[in-house]
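Quick one: sequence plus predicted model below, questions after.
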Amino acid sequence: GERKMEVRVGERLLWLAVLSTVLCVDSVFGKYVKGIVNTKEDWVFLTRFCFLTEFGRLDFKFRYPKSRCCQNILLYFDDSSQWPAVYKKPEKNCYEKEAVLRPENNQVINLTTRYTWSGCAVEDDTNEEVLSCVGGRSFRSVRERWWYIALSKCGGDGLQLEYEMKLTNGQSFWTQHFSADEFGILETDITFLVIFTLVFLLSCYFAYNLKGRQLLHTTYKMFMTAAGVEVLSLMFHCVYWGLYARDGVGNGSLKILGKLLFSVSFLVFLLMLILLGKGFTVTRWEKGNIVLFLHF
């Protein structure tokens with residue numbers, strides 16, 4: 001009775017964790033971003049990135065119909081007078097959101113042929129002239145900063161833009177495609193993969209000895225399962241972040257699978273602790289009547 005109930009609770013916890021993991025997976029693939037904007041609004045947020053002090057770099061490709069000219073790329077940083085002053089401020093209009101930028105810092109990229117640094121040129125595309133802008137921008141500051149990229153066309157008829165951006169921090173494999181707040185993720189996962197692999201191998205060694213003495217308990221098997229699944233989870237995470245470090249995109253399926261395996265490992269370990277707390281490893285016996293025969 002009690003054990004069946006505990007198993008049912010464990011199954012429900014497992015399905016709940018699987019569902020919550022699927023719902024909470026981040027749909028944005030990191031620092032290589034692309035997409036299409038087509039809206040009636042005159043100011044929209046595109047992406048953000050935390051750049052290092054000396055090695056920050058933004059490379060971009062933008063395309064939009066010349067008839068929808070002229071649009072601007074706005075570069076805000078995390079100073080209280082900049083991004084916090086415009087984000088989620090419905091009382092401010094487009095002109096007021098542009099006014100907080102500092103022209104001397106080159107924080108506005110005007111996507112027209114008149115602005116040399118935008119790299120824009122007019123192209124013909126199926127009987128329609130298109131502005132194609134290819135260029136880049138380096139970021140230098142006295143400290144690590146969050147930069148926020150937005151698109152605007154104040155007083156116009158809305159926004160229409162195809163964009164592709166690559167945001168990097170230097171050329172090192174360990175930092176290039178990672179935002180400054182993400183540094184160390186891959187190294188940490190590799191370290192824990194080594195640690196949990198050793199734990200799993202040691203548990204297998206002790207399990208072999210316990211089995212020979214017929215002392216291999218179910219709870220120990222659950223511990224081994226939790227450790228083994230955790231190793232698989234960390235392995236998938238390491239592969240995902242390794243691919244991400246190489247191209248800035250990675251494979252989202254590997255990340256999802258890693259999170260699912262982590263949930264399974266956590267719940268198996270949690271169920272093991274619950275069973276231990278309920279006295280699952282304690283041998284229970286009932287006291288019976290003792291009959292004594294006395295012979296004279």
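Received it, and whenever you're ready, just let me know what you need.

Shouldn't Gly258 be within a helix?
Yes. With DSSP: H, G, I helix; E, B strand; the rest coil as the criterion, Gly258 is part of a helix.

tally of neighbours for it?
Gly258 has 22 neighbours, counted by other Cβ atoms under 10 Å. Just so you know, the C-beta spots here come from the backbone N, C-alpha and C atoms, and that holds for glycine as well.

Give me the pLDDT for it.
Gly258 is assigned a predicted lDDT (pLDDT) of 94.

Check Val18 too.
pLDDT, read off for Val18, is 38.

try the one 4 residues further on
In the predicted model, Val22 carries a pLDDT score of 35.

what do you get for Thr191?
Turning to Thr191, the model gives it a pLDDT of 95.

same question, the one 5 residues further on
Predicted confidence (pLDDT) for Phe196: 95.

so how far is the helix or strand where it lies off the chain centroid?
Using DSSP states H and E, Phe196 sits in helix 185-212. The chain centroid and the centroid of helix 185-212 are separated by 26 Å, computed with Cα atoms, centre = their mean, to the nearest Å.

If we go by neighbour counts, what in it is buried?
For helix 185-212, the neighbour count (16 or more other Cβ atoms under 10 Å) marks Ile185, Leu186, Asp189, Phe192, Leu193, Phe196, Thr197, Val199, Phe200, Ser203, Ala207 as buried.

Next: stretch 58-69.
Residues Leu58, Phe60, Phe62, Arg63, Tyr64, Lys66, Arg68, Cys69 are the ones in stretch 58-69 that count as buried (16+ other Cβ under 10 Å).

These into a markdown table, with extra columns for secondary structure and pLDDT?
As requested, the buried residues of stretch 58-69 are exported to a markdown table (DSSP: H, G, I helix; E, B strand; the rest coil; pLDDT from 0 to 100):
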| residue | secondary structure | pLDDT |
| --- | --- | --- |
| Leu58 | strand | 89 |
| Phe60 | strand | 94 |
| Phe62 | strand | 95 |
| Arg63 | strand | 94 |
| Tyr64 | strand | 94 |
| Lys66 | helix | 91 |
| Arg68 | helix | 89 |
| Cys69 | coil | 88 |
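
out of those residues, what pair is the most spread apart?
Spanning the widest gap among the buried residues of stretch 58-69 are Leu58 and Lys66, at 23.6 Å by Cβ to Cβ.

Isn't Leu111 up against Cys133?
Yes. With contact defined as Cβ atoms under 8 Å, Leu111 reaches Cys133; the gap is 5.1 Å.

Spit out the residues that contact these two alike.
In terms of Cβ atoms under 8 Å, 6 or more residues apart in numbering, Leu111 and Cys133 are both contacted by the residues Phe62, Ser118, Cys120.

In TSV: those, plus distance to Arg246.
Listed next are the shared contacts of Leu111 and Cys133 as TSV, based on distance: Cβ to Cβ, whole Å:
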residue	distance to Arg246
Phe62	25
Ser118	29
Cys120	30
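
which one of those residues sits closest to Leu257?
Nearest to Leu257 out of the shared contacts of Leu111 and Cys133 is Phe62 (Cβ to Cβ; 34.3 Å).

got the contact list for the closest one?
Shown in contact with Phe62 (Cβ under 8 Å, 6+ apart): Ile73, Leu111, Cys120, Leu131, Ser132, Cys133, Val134, Leu161, Glu162, Tyr163, Glu164.

Go through those and name the one nearest Trp147.
So of the contacts of Phe62, ranked by how close each gets to Trp147 (Cβ to Cβ), first place is Ile73, at 11.5 Å.

what's the neighbour count on the closest one?
24.

distance of it from Gly136?
12 Å (Cβ to Cβ, to the nearest Å).

I'd like to know which elements the helix holding Phe196 is packed against.
Other helices and strands packing on helix 185-212, by 3 or more Cβ pairs under 8 Å, 6 or more residues apart in numbering; DSSP states H and E, are helix 218-247.

May I see the buried residues of the helix it packs on?
Buried-residue list, helix 218-247, by 16+ other Cβ under 10 Å: 220, 222-241, 243-245.

shaky segments in the stretch 101-250 of the chain?
Within the stretch 101-250 of the chain, the ranges that satisfy pLDDT under 70 run 180.

what do you get if the cut-off is 80, keeping everything else the same?
For the stretch 101-250 of the chain, residues meeting the criterion pLDDT under 80 lie at 103, 126, 140-142, 170-183, 247-250.

Distance check, the closest residue to Gly258 other than its chain neighbours against Glu230.
Nearest residue to Gly258, sequence neighbours excluded (Cβ to Cβ, 6 or more residues apart in numbering): Phe236, at 3.7 Å. Using Cβ to Cβ, Phe236 is found at 11 Å from Glu230.
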